[in-house]
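[1] Predicted coordinates and the sequence they were generated for:
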Amino acid sequence: MKCLLICTLLLISSHSFAKLDNIYLSSGLEKSSLTLNGAEIDLDDGVFVKIGYPFVLAPNYNLVIELEYSQIGSYEHHLTDGIGYDNVEIDASSVGMNLKYQSYLFDSDFYLASILGVHQYSLDLMVDSLSQTSVNGTTLQTTISGEKSIKEVGLSYGVEIGYSLPYSLNIAASYTMGRVISDGIAIDLLSSQLILSYIF
């Protein structure tokens, strides 16, 4: 076991750690929540792909331009109680560009980046519900049914922390907040990403 650990450390030390200093391709998992009309909805896990290029401002300081497509996540809610029913489906995605100011910490392999993004968000919403109430012996039914597709441009901002790995790899985690306005209604998105990048 001790020999295996030593060999592993020697293997890692024999390869240089690749900083984000060239064009790179990223992908990973995303966990998001959506707030609509004051109701917060947790979406299922999403995936994304990014391609970026860093412009060196100074040693250990980069300005990164990044293109991103994200399948942010989806949500399904189906409930029936024998009297009424409630069905809601949401699917969210985005495509856009991020501008990142990246700084490697104390000349190490760790970096911290601030993120400003412009994205076109696509939201597909479906609602189909039936509820019944009794008033003075009279049963009243309320039905809500409809579908809506929203495509709006919005801003996002956040932070990212990453670490350089051997074999031209980089691992990072980010947290971003985005907002779009549709028909006067604000839709907020909070997203956390676990990112693995390959540097060419």
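    Structure's in. What do you need?

[2] In terms of secondary structure, what does the lengthiest strand in the chain contact?
    In the chain, taking DSSP state E as the definition, the longest strand is strand 138-165. Strand 138-165 sits against strand 85-104, strand 110-135, strand 169-182, strand 185-199, with contacts defined as 3 or more Cβ pairs under 8 Å, 6 or more residues apart in numbering; DSSP states H and E. Backbone N, C-alpha and C define where each C-beta goes, glycine included.

[3] what lines up beside it in the sheet?
    strand 110-135 (antiparallel), strand 169-182 (antiparallel) (DSSP bridges).

[4] closest to residue 21 out of the helices and strands packed on strand 138-165?
    strand 185-199 (7.3 Å; Cβ to Cβ).

[5] Pull out the buried positions in that closest one.
    187, 189, 190, 191, 193, 195, 197, 199 (16 or more other Cβ atoms under 10 Å).

[6] Would you agree the fifth one is in contact with residue 27?
    The one in question is residue 193. No. Using Cβ atoms under 8 Å, residue 193 makes no contact with residue 27, being 9.9 Å away.

[7] can you list residues touching both of the two?
    residue 48 (Cβ atoms under 8 Å, 6 or more residues apart in numbering).

[8] quick one, what contacts residue 127?
    Residue 127 makes contact with 87, 88, 144, 145, 146, 147 under the criterion Cβ under 8 Å, 6+ apart.

[9] Pairing partners for it in the sheet, please.
    Here residue 127, judged by DSSP bridges, has bridge partners residue 88, residue 146.

[10] Relative to residue 83, how far out is it?
    Applying Cβ to Cβ, to the nearest Å, the value for residue 127 to residue 83 is 18 Å.
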